[in-house]
Structures are given as C-alpha cells and as structure tokens.
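*Asks:* just need the structure, nothing else, for what follows:
(chains A and B)
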Amino acid sequence: MRPEQILDRALWLLEGKERRGDFMKLNVKNEEKGTLVSVTGRMDAVSSPEFEKELGRLIDEGNVNFIIDLTELDYISSSGLRSVLITAKKLKGKNGRILLASLQPVVKEVFEISGFSTIIPIYESVEDAMAAL
Amino acid sequence: MKSLKLAALIENLDQFISFVHKCSVECGFEGKKVMEIELAVEEALVNVFNYAYPGGEGQVEMRCALEEGKKFVIEIRDKGIPFDSLSRPDPDTTADIENREIGGLGIFFILKVADEVRYGRNDDTNVFTIVFLV
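*Replies:* Numbers count the residues shown, from 1 in each chain, chains lettered A, B, ... in the order given. From the prediction side, this is the model:
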C-alpha cells in the first residue's frame, strides 16, 4: 500500500466510520509437497494485484506446486478470480499446479457461477488438497 | 436516499463498499446477501474506474434508496463516455484454462446476483441501476 493510502485509511478510522476489515494478508509456508499460501481477508480489485504479484514472485523463485488455503477468505470478486486465473495460466506453462482448499460458501458460489470451479481444482480441506498433490 | 460521490479511482473503492455495506445492513440485509450486494457494486464501480474516463479523471456517484419498502435500489452515476456494460457478450464459462479469457466477468456476476439491472443515459450521465429485493 502506498503511504498516502495508509494515511487515508488511518484518517477514515479516526473519523469513526465503519470499517469491515478488508485487508488481505498472505501467509506462505513451504511444505514437503508444495507451497501452502493462506489468504486472509478479501480479494477485491484493490488487493488482488498483491496476490498476483506475490504468487508471481514465488513462481519466479522456482515454486510450481501451490495449495491456496482459503479458510479465512471472506470475499472474492472478478478481480480475485482474474488473479487466480493468471497464476494458473503461468503455472500451466511450467507444468505446475494450483489447488484451492477450504472455500467459504460465498466464495465457492463465485467460483461456481463463473465456471472457474471446473478449471481450478477445489478441495474441502487443505489435507485433501495435499493428498491430491 | 443516501449518496456518496468521489473521484472514479480504485483507491476509493473501499469507501464505496463500506457505504453500500452500511446502507444494505440498514435495509435489513445480512450475511451472504450483503456480500452479493458488495460484489455487484464493486464490479459496477470497477467498470467505471476502468472505462468511463479514458485518459482522464472524473467522478462517480453512488445513490442508495429503499423504495416501496421492498426494493433496495443502487444507482451508479458517472459523466464519462457512454458505456453500456449490459451490451457486452457473456464470458465463456465453459472454457478451459488455456482458452479462458481474463476479463468479462464483472457484469456477468451483477446479473447473477441482482434482481434487476438497468443501464440508461441521461444527457451526459451514465446511470447504472442495480436492484435487490428485500
């Protein structure tokens, strides 16, 4: 986030306006079978580019198998799907894989409406996804 | 009717979403429905941010109102170039990874989650209306 954006958010908070906790946080863990990326918060038009950038960086470092843990992802828009698709296309080119795990109902619905659930594998849990890798 | 008018910049998305979140909760929506409302509004606003003012800047106004006690009506107004996002073709949701197009989903989502969607142009203003029934 740019400094002026941080300031903006701080002022917004101070003015007492309602905030919904919309930051996106990524937690990266190297597991034996691949890279586990846990996403917390929301993937919207503002935060999704960060996801895409971070995954791109991990791919450049040589990681090719990813499990994305979405247990704590509360919301995703088309921008989020776009970032996931771009990442999936990159990985396809490197014979890598991206698996999604533990989607909340509203996030799952977005994947299903868009048809993305048929092209990106989705698992009920991180354990199931690990087993599939 | 409540309204919020800001520059049509992605940096302002969050303020618009907070605004519509508050309005929808006040109208009695909760949980998944509020998320769907936020999704529709984000998609509509991102279209304005990306396409309304090519090469320049402008403003976008969002108005929310509860009509007849049962219709939550959201209007998104901008004075950008005429842009009817409803006239675009649907994305191919059956395409595989290689052939799947990157864009085109925004309006598709709005049409899926909202009860009514309308586009109109008044003089120099694009008016995009999204309705959710209470």
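
*Asks:* whichever strand or helix holds residue B:46: what's the following helix or strand?
*Replies:* For residue B:46, the enclosing helix or strand under DSSP states H and E is helix B:31-51. The C-terminal neighbour of helix B:31-51 among helices and strands, as given by DSSP H and E, is strand B:59-67.

*Asks:* which strands and helices sit next to that next one?
*Replies:* Strand B:59-67 sits against strand B:2-7, helix B:13-26, helix B:31-51, strand B:71-78, with contacts defined as 3 or more C-beta pairs under 8 Å, 6 or more residues apart in numbering or on different chains; DSSP states H and E. Every residue, glycine included, has its C-beta placed from N, CA and C.

*Asks:* among the ones you listed, which is nearest residue B:92?
*Replies:* Within those, the stretch nearest residue B:92 is helix B:31-51; the backing value is 18.0 Å (C-beta to C-beta).

*Asks:* quick check, residue B:109 in contact with residue B:40.
*Replies:* Yes: in this structure residue B:109 lies within contact range of residue B:40 using C-beta atoms under 8 Å: 6.8 Å.

*Asks:* and the two? Which one has more around it.
*Replies:* Legend: neighbour count by other C-beta atoms under 10 Å in any protein chain shown for residue B:109 and residue B:40, higher for residue B:40 (26 against 21).

*Asks:* for that one, what are its contacts?
*Replies:* Counting by C-beta atoms under 8 Å, 6 or more residues apart in numbering or on different chains, residue B:40 touches B:74, B:109, B:110, B:113, B:114, B:130, B:132.

*Asks:* what do you get for residue A:133?
*Replies:* Taking C-beta under 8 Å, 6+ apart as the test, what residue A:133 contacts is A:33, A:34, A:65, A:67, A:97, A:99.

*Asks:* burial count for residue B:96?
*Replies:* The number of residues packed around residue B:96, counting by other C-beta under 10 Å, is 11.

*Asks:* just give the number of residues close to residue A:118.
*Replies:* The number of residues packed around residue A:118, counting by other C-beta under 10 Å, is 15.

*Asks:* name the nearest residue to the most centrally placed residue in chain A, ignoring sequence neighbours.
*Replies:* Among the residues of chain A, the one closest to the centroid is residue A:39, at 5.2 Å (C-alpha atoms, centre = their mean). Spatially, and ignoring its direct neighbours in sequence, residue A:39 is nearest to residue A:73 (4.9 Å; C-beta to C-beta, 6 or more residues apart in numbering or on different chains).

*Asks:* repeat for residue B:77
*Replies:* Ranked by C-beta to C-beta, 6+ apart and with sequence neighbours excluded, the top spatial neighbour of residue B:77 is residue B:61, at 4.6 Å.

*Asks:* now do the same contact list for that neighbour.
*Replies:* For residue B:61, the set of contacting residues under the criterion of C-beta under 8 Å, 6+ apart consists of B:3, B:4, B:5, B:75, B:76, B:77, B:78.

*Asks:* surely the fourth one and residue B:63 touch.
*Replies:* Yes: in terms of C-beta under 8 Å, residue B:75 counts as a neighbour of residue B:63; the distance is 4.4 Å.

*Asks:* just want the residue of chain B that's nearest chain A.
*Replies:* With C-beta to the nearest C-beta, the shortest gap between chain B and chain A falls at residue B:93, namely 3.0 Å.

*Asks:* name the element that residue belongs to?
*Replies:* Under the assignment given by DSSP H and E, residue B:93 is not contained in any helix or strand.

*Asks:* contacts only, for it.
*Replies:* Taking C-beta under 8 Å, 6+ apart as the contact definition, residue B:93 lies against A:113, A:114, A:115, B:108.

*Asks:* so what's residue B:103 up against?
*Replies:* Contacts of residue B:103 were listed using C-beta under 8 Å, 6+ apart, and they are A:78, A:82, B:91.

*Asks:* what's the answer for residue A:31, then?
*Replies:* For residue A:31, the contacting residues are A:67, A:130, taking C-beta under 8 Å, 6+ apart as the criterion.
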